[in-house]
Structure formats: structure tokens, C-alpha cells
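In: pasting the sequence and the predicted coordinates here, then a few questions.
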Amino acid sequence: MKDKWTRYEYRKRRTRDKLAQRPDGRPRLSVHRSLKRIYAQIIDDRQGSTLAFACSHAKEFKAEKLGKDLAAAKRVGELIARKALAAGVKKVAFDRGAHIYHGRIKALAEAARAAGLEF
């Protein structure tokens with residue numbers, strides 16, 4: 001049996017390949033979570049560029065001292081949705097990488113939906 005990290009990489013690669021094959025050409029909302037922070041970015045794969053970026057240690061949150069909890073994920077979800085709408089992106093494909101749709105990933109996605117993004 002493959003070790004845990006090899007299976008994680010397989011899952012991540014499978015997710016990215018599946019999203020790259022989508023016919024509608026939507027940009028993807030890629031989410032990365034580390035032990036201390038959560039990051040989200042809107043990526044246009046056709047041009048190979050990042051359209052919007054938000055993280056839990058952005059300058060917008062300096063006074064709030066956000067960390068790694070669900071509140072931080074919700075705030076990042078709201079911020080990425082605001083930035084995406086300002087960049088003219090309304091519909092995205094959600095790329096959670098190899099992470100399951102649970103906890104901080106789910107909180108970020110629901111906050112982005114509530115703020116106006118469509119998945």
C-alpha cells in the first residue's frame with residue numbers, strides 16, 4: 001500500500017486534472033490550508049494567471065489578528081468573493097486540492113457563496 005503522502009499527492013493531481021478538463025472554462029478557486037493560515041486564489045488556467053488572492057494574514061485583517069480557526073476561513077471566503085467580483089469573476093470551479101470538504105475548507109466555501117460567488 002502506498003504511504004499517506006503519496007496517496008495525498010495522487011488525490012491532489014486527480015482533482016486538478018479533473019478541473020482542467022472542464023469544458024466551460026471557468027476560473028478555479030484554489031484553496032490551501034496550512035497549520036497556521038488559510039489561502040485562497042482565483043486562477044485562470046487558460047492564461048496562467050492569478051485574478052484574485054486572499055489569505056488569513058492579509059493587510060485587511062491586521063487589526064483582527066486572524067489565525068487558523070473557522071472565523072478566519074469565513075473572513076477569507078468573504079474577501080476572496082469580494083475581490084473576485086471586483087475582477088469580474090462571478091462563476092468559479094472550487095478546487096479544494098486533496099482536502100476533504102469539511103471544517104475550514106467548508107467554511108471558506110460557504111462564506112464565498114454567501115458573498116456572491118457561484119460554484
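Out: Happy to help now that I have it.

In: what's the weakest-modelled helix or strand in the chain?
Out: Across the helices and strands of the chain, the lowest-confidence element by mean pLDDT, DSSP states H and E is helix 4-20, at a mean of 82.

In: where in this structure is pLDDT low?
Out: By pLDDT under 70, the weakly predicted segments of the chain are 20, 23.

In: what ranges does it have for its helices?
Out: 4-20, 70-86, 104-114 (DSSP state H).

In: can you check which of these gets nearest to residue 27?
Out: The closest of the helices of the chain to residue 27 is helix 70-86. By C-beta to C-beta, the value is 8.2 Å. For the C-beta atoms, the positions are set from N, CA and C on the backbone; glycine is no exception.

In: what are the contacting residues of that closest one?
Out: With C-beta atoms under 8 Å, 6 or more residues apart in numbering as the test, helix 70-86 has contacts from 29, 33, 38-42, 51-56, 58, 60-61, 64, 66, 90, 92, 103-105, 107-117.

In: the residues you listed in strands, which ones?
Out: With strands taken from DSSP state E, the overlap with the contacts of helix 70-86 comprises 29, 33, 38, 39, 40, 41, 42, 51, 52, 53, 54, 55.

In: what's across from the spatially most central residue of the chain in the sheet?
Out: In the chain, the residue lying closest to the centroid (C-alpha atoms, centre = their mean) is residue 31, at 2.6 Å. Beta bridges link residue 31 to residue 40, judged by DSSP bridges.
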